[in-house]
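Engineer: Quick one, structure for this:
(one chain, ligands or ions: 1)
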Amino acid sequence: MRIVVVGAGIAGTVTGLALLREGHEVHILEGADAAACGASHANAGLVSPGHCFSWAEPGVMKMVVKSALGIGDGIGIYQPWSPALIKWGLMFNRQSKRERWLANSRAALALSAYSRDQLFGQSTIPRDSYDGKHTGILYLYGSDESLGADDAELLSQAGEAFQSLNADEVLECEPMFQSSTIRFDRAIYSPNDGTGDAARYAAAALKEAVKLGAQVHLSEPAVCLEQSGSRITAVVSNKRRYDTDAVVIASGLWSRGLLSRIGYNLPIHGVTGYSVTYKGPFSGVPKAGAVSIPHKIAWTAFGEDRIRFTGFADIGIPHRKRIEQQFDALTRFASSVLPDVKRFEPSKWVGQRPMTPDNLPFLGRGKHENLWLNCGHGAMGWTMACGSARIIADLIGGRIPQIDVTPYRLDRFS
Ligand SMILES: Cc1cc2nc3c(=O)[nH]c(=O)nc-3n(C[C@H](O)[C@H](O)[C@H](O)COP(=O)(O)OP(=O)(O)OC[C@H]3O[C@@H](n4cnc5c(N)ncnc54)[C@H](O)[C@@H]3O)c2cc1C
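Structural biologist: Numbering: from 1, shown residues only. Coordinates of the predicted model:
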C-alpha cells in the first residue's frame with residue numbers, strides 16, 4: 001500500500017518505520033526542516049507507565065479556577081476563552097470525575113506499558129543512539145498522604161512491578177540525593193520504566209526508515225486532504241500532490257487544524273511545558289529518571305554529560321514574564337536537587353503538549369475508511385509512541401491489536 005504519514009515527531013517517525021517494516025511504500029511529510037521540532041523536541045525523556053495517569057483528575061478543576069481567578073499558581077491560562085477552549089474545558093471537567101479518571105488512567109497505563117515493552121523489548125534502534133536507559137524511574141511523593149493515593153493500586157491491578165520506598169530507601173536508591181537540599185518522604189520505584197531522548201530516537205527512526213526506502217519530505221507541510229466518498233485520495237502539500245491508499249495523521253497539536261478542513265473537530269489543545277538542559281561534565285548524574293509529583297517536575301540524565309529538568313502546565317502560550325518565572329522556578333528546583341548544575345548555563349525550551357480532555361490519544365480509524373489517527377498523546381507521547389505505531393500498523397494490516405483500542409477511538413466524546 002502507498003501510505004502518507006503526516007508529521008515527523010516521535011509519533012510519525014516511529015509509525016513510518018513500523019509501516020515500512022510491513023512492506024508498505026511510505027511517504028513522511030513534515031512541515032519543519034527536521035524531525036522532532038514540535039512537542040518531541042526537548043521533553044523530559046521519561047518512558048513512564050508508572051505515572052501516566054490522567055491529568056483530568058478529581059479536584060483539578062478547583063485548581064484551574066483558582067489559577068484563573070489569580071489566587072493560585074497551578075495551571076495558568078494564557079489563551080483567550082474561545083468557544084473551542086470552553087468546550088474543551090467542559091469536556092476535561094467531565095473526565096475529572098473519579099470513575100472517568102480511573103477508567104482513563106487504566107487505559108493510559110495499558111497503552112503505556114505495552115509501548116514501553118515494545119521500545120525496550122523489541123526495538124531495533126540501538127540504545128546508545130538515543131541515550132536510552134532501562135534502569136527504572138522514581139516517582140517521588142511529599143508528606144501529603146492523599147497525593148497519589150490510588151497510584152499503587154492502579155499499578156497492582158495492571159500487574160506492573162513496583163516497590164514502595166520510605167525516605168531512607170529513597171536515599172539508598174538514588175545516591176544523588178545525598179547532596180540535595182530537598183528530601184522526599186516516600187516514592188514508588190518502577191524498575192521496568194526507563195528514559196531516553198525522544199528527539200534523538202525520532203531522528204534515528206527516520207534514518208532507519210530512509211534506509212528501508214521511506215521518502216521523507218521536509219519543509220513540506222500537508223495543506224489539505226482530498227476526498228472522494230468515504231476515502232482520502234490524496235494529500236496535498238505546499239509543493240505537490242501525493243495520491244495515496246491511506247493516510248496517517250501524526251501531526252500532534254496541529255492535527256486539529258488540518259482535519260478541521262475536512263469536517264473533523266478533534267478536541268486537542270496545547271498545554272505548555274518547560275525544560276532546561278544542562279551540559280556537564282558533572283561530578284555525578286542521577287542513576288534513574290525521576291518525577292517529583294508535588295513539584296510537577298521531572299528529570300533525566302542523557303548519557304554522562306546532559307541532564308534535563310522539565311515541568312509545569314500552562315494552557316495556551318504564556319507571555320514572556322510568565323515564561324521567565326517558570327524557568328526561574330525550574331532552575332531553582334534543579335539547583336536544590338543537584339547543586340552541581342549551578343555551574344552551568346542551561347539551554348531552555350518551551351513546548352506544547354497536544355492534550356485531549358481525557359489525556360488519551362486518538363488512535364485508530366477516522367471518519368474516512370483509509371484515514372488513521374495517531375495524535376493527541378498529551379503528556380505521554382514518548383512513552384506511548386512505539387505501542388501506538390504498532391497498533392496503527394496492525395490496524396492497517398487488518399490484524400487485531402494486542403491491546404483493546406476502544407478507549408482511544410475518535411467517537412468516544414460523542
Ligand atoms: C515539557 C514537556 C515534557 C514532556 N515530557 C514527556 C515525557 O517525559 N514522556 C513522555 O512520554 N512524553 C512527554 N511529553 C509529551 C510528548 O513530548 C508529546 O506527547 C509528544 O512529543 C507528541 O509527539 P507527536 O509526534 O504526536 O507530536 P510532535 O512532536 O509535536 O510532532 C508533530 C509534527 O508534525 C509536524 N506538522 C504539524 N503540522 C503539519 C502538517 N500540516 N504537515 C506536516 N507536518 C506537520 C510538526 O512540525 C511536528 O514535527 C512532554 C511534553 C512536554 C511539552
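
Engineer: my guess is G270 contacts P318, does it?
Structural biologist: No. Counting by CB atoms under 8 Å, G270 stays clear of P318, with 11.0 Å between them. C-betas here are computed from N, CA, C, even on glycine.

Engineer: Specify the local secondary structure of V276.
Structural biologist: Following DSSP: H, G, I helix; E, B strand; the rest coil, V276 is assigned to strand.

Engineer: Chain neighbours aside, what residue packs nearest to it?
Structural biologist: Distances taken as CB to CB, 6 or more residues apart in numbering put P346 closest to V276, at 3.8 Å, once the chain neighbours are dropped.

Engineer: Could you pull up the contacting residues of that neighbour?
Structural biologist: Applying CB atoms under 8 Å, 6 or more residues apart in numbering to P346 gives the contacts V276, T277, Y278, T331, A334.

Engineer: Which of these sits closest to the ligand?
Structural biologist: Nearest to the ligand among these: V276, at 10.2 Å, using CB to the nearest ligand atom.

Engineer: And for the closest one, the neighbour number?
Structural biologist: By other CB atoms under 10 Å, 24 other residues sit near V276.

Engineer: who's it bridged to?
Structural biologist: V276 has these beta-bridge partners by DSSP bridges: F309, K348.

Engineer: residues touching it, list them.
Structural biologist: With CB under 8 Å, 6+ apart, V276 has these contacts: R308, F309, T310, F327, L330, T331, A334, P346, S347, K348, W349.

Engineer: Kindly report the same for V4.
Structural biologist: Per CB under 8 Å, 6+ apart, neighbours of V4: V26, H27, I28, L29, A222, V235, Y242, T244, A246, V247, V248.

Engineer: Show me how this structure divides into domains.
Structural biologist: 2-40+200-267+359-413, 46-81+131-195+269-355 (automatic domain parsing).

Engineer: among those domains, which is the most enclosed?
Structural biologist: domain 2-40+200-267+359-413 (a mean of 21; mean count of other CB atoms under 10 Å).

Engineer: Check the separation of the first and last residues in that one.
Structural biologist: Between the opening and closing residues of domain 2-40+200-267+359-413 lies a distance of 31 Å (CA to CA, to the nearest Å).

Engineer: Please apply the same query to stretch 168-187.
Structural biologist: 10 Å.

Engineer: Centre of the chain to that stretch, how far?
Structural biologist: Taking CA atoms, centre = their mean, to the nearest Å, the mean C-alpha location of stretch 168-187 is offset from the chain mean by 27 Å.

Engineer: Then stretch 104-123?
Structural biologist: For stretch 104-123, the distance to the chain centre is 12 Å (CA atoms, centre = their mean).

Engineer: Stretch 197-204 now?
Structural biologist: Using CA atoms, centre = their mean, the offset of stretch 197-204 from its chain centre is 13 Å.

Engineer: circling back to that earlier point, from the ligand, how far off is the residue nearest to V276?
Structural biologist: From P346 over to the ligand the distance is 14 Å, taken as CB to the nearest ligand atom, to the nearest Å.

Engineer: rewinding a little: the contacts of P346: which two are farthest apart?
Structural biologist: Taking CB to CB, the two most distant members of the contacts of P346 are T277 and T331; they sit 11.3 Å apart.

Engineer: show me where the stretch 251-400 of the chain has helices.
Structural biologist: For the stretch 251-400 of the chain, the helices defined by DSSP state H, counting those that start in this stretch cover 255-260, 320-337, 381-396.

Engineer: Would you mind listing the buried residues in the longest helix along the chain?
Structural biologist: As assigned by DSSP state H, the longest helix anywhere in the chain is helix 98-122. Residues of helix 98-122 classed as buried by neighbour count (16 or more other CB atoms under 10 Å): 100-105, 107-116, 118-120.

Engineer: quick check: mean pLDDT across that helix?
Structural biologist: Summarised as a single mean, pLDDT over helix 98-122 is 97.

Engineer: touching the ligand at all, it?
Structural biologist: No. Counting by CB under 6 Å from any ligand atom, the ligand has no neighbours in helix 98-122; the shortest distance is 7.9 Å.

Engineer: Determine how far that helix lies from the middle of the whole chain.
Structural biologist: For helix 98-122, the distance to the chain centre is 12 Å (CA atoms, centre = their mean).
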